[in-house]
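Chemist: the following comprises the amino acid sequence and a computationally predicted model.
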Amino acid sequence: ANYKYLLTNKYFGLSLGVTFYFTFLYLILSNVMGFALALLIKKASRFNNFARTIFFLPFTVSVTAGAIVWSYIFTDIYGTLTGLVSPLGLPTQIVPAMAIMASWRDMGYCMLIYIAGLQTISVDYYEAATVDGATRWQQFVHITMPMIVPAFTTNITLILAWGLRTFDLPMVASPTMREGQTTAMYIYQSIFANNKASLGQAAAIILTVILIILTQFVTRVLRHLEVEA
């Protein structure tokens with residue numbers, strides 16, 4: 001009866017939609033920014049080592065603390081400088097705002113994984129490609145991208161799993177706004193606020209099944225794209 005109720009409940013469906021939308025933005029932003037940073041500071045030097053530390057530091061901050069700081073930035077700094085309403089107060093912008101918060105924290109982690117992947121690529125491949133007349137773009141497309149797929153597999157799978165079970169951010173940034181309520185928040189509200197433990201547990205099982213299916217699918221697809229050095 002609980003599963004039947006959830007599958008026809010519009011609020012549970014809305015929470016799933018918010019979760020998927022947030023996870024998609026979070027996945028794209030974290031990996032794009034992390035990969036871009038990795039390409040910029042992949043070579044070992046004092047400045048690059050310092051930059052890596054700076055970019056990785058947000059990952060050592062708890063999600064709750066980071067969300068509180070970003071809430072202050074969006075409300076008191078962004079609103080004051082631009083004269084616009086904080087995105088945390090707008091139903092259409094709350095999810096992108098949370099994705100920015102999450103990506104700021106985790107792009108440094110993605111960056112380190114990509115740097116590790118880039119450093120495993122032998123220089124011989126690039127030297128041979130240069131001798132054959134390949135441009136930098138051709139080297140990037142045909143050497144760097146195929147060889148770094150294992151790093152993409154790791155980062156995409158982790159960010160996907162973290163995004164689908166996100167609870168801390170909406171709990172801090174949008175505790176009362178339904179447009180920012182993820183499925184994890186729906187589960188929490190069902191169990192603790194509405195005293196419907198069985199309903200919350202059923203929702204948690206549905207979310208777990210979705211998480212397992214998606215992560216397994218993405219991992220298998222990406223592993224088929226991996227090449228051996």
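Modeler: Arrived safely, thanks for sending. Predicted, not measured: the structure shown is a model, and the values here were computed from it.

Chemist: and the longest helix along the chain, how far from the chain's centre?
Modeler: In the chain, taking DSSP state H as the definition, the longest helix is helix 10-40. Distance, stretch centre to chain centre, for helix 10-40: 5 Å (C-alpha atoms, centre = their mean, to the nearest Å).

Chemist: equivalent analysis for stretch 39-48, please.
Modeler: 24 Å.

Chemist: in it, what's buried?
Modeler: Buried residues in stretch 39-48, counted by 16 or more other C-beta atoms under 10 Å: 41, 42. Backbone N, C-alpha and C define where each C-beta goes, glycine included.

Chemist: do stretch 78-86 as well
Modeler: 78, 79, 86.

Chemist: show residues contacting the helix or strand of the chain with the lowest mean pLDDT.
Modeler: Lowest mean confidence among the helices and strands of the chain (mean pLDDT, DSSP states H and E): helix 79-82, at a mean of 81. Applying C-beta atoms under 8 Å, 6 or more residues apart in numbering, the contact partners of helix 79-82 are 85, 86.

Chemist: pLDDT of stretch 152-169, averaged?
Modeler: The pLDDT scores in stretch 152-169 average 94.

Chemist: for the protein, what spans make up the helices?
Modeler: Under DSSP H, the chain gives helices at 2-8, 10-40, 46-56, 63-72, 79-82, 94-119, 123-131, 136-139, 145-147, 149-164, 168-173, 183-188, 197-225.

Chemist: which parts of the longest one are buried?
Modeler: Of the residues in helix 10-40, those with enough neighbours to count as buried (16+ other C-beta under 10 Å) are 12, 15-16, 18-23, 25-27, 29-31, 33-35, 37-38.

Chemist: quick revisit: which of the buried residues of stretch 78-86 sits closest to residue 97?
Modeler: For the buried residues of stretch 78-86, the residue nearest residue 97 by C-beta to C-beta is residue 86; the value is 8.0 Å.

Chemist: next up, phi/psi of that closest one, please.
Modeler: Phi and psi for residue 86, reported as degrees, to the nearest 10, are phi -60, psi 140.

Chemist: wouldn't it be in contact with residue 74 here?
Modeler: Yes. Using C-beta atoms under 8 Å, residue 86 makes contact with residue 74 at a distance of 4.5 Å.

Chemist: counting neighbours, what do you get for residue 198?
Modeler: 11 (other C-beta atoms under 10 Å).

Chemist: contact partners for it?
Modeler: By C-beta under 8 Å, 6+ apart, the contact list for residue 198 reads residue 2.

Chemist: show the pLDDT at it.
Modeler: 94.

Chemist: so, low pLDDT: which residues of this structure?
Modeler: Applying pLDDT under 70 to the chain flags residues 228-229.

Chemist: what about 90?
Modeler: By pLDDT under 90, the low-scoring segments of the chain are 44, 63, 71-91, 168, 173-178, 193-195, 222-229.

Chemist: residues contacting residue 183?
Modeler: 12, 15, 16, 18, 19, 164, 203, 207.

Chemist: gap between it and residue 192?
Modeler: Applying C-beta to C-beta, to the nearest Å, the value for residue 183 to residue 192 is 15 Å.

Chemist: doesn't residue 102 make contact with residue 166?
Modeler: Yes. If you go by C-beta under 8 Å, residue 166 and residue 102 touch, sitting 7.0 Å apart.
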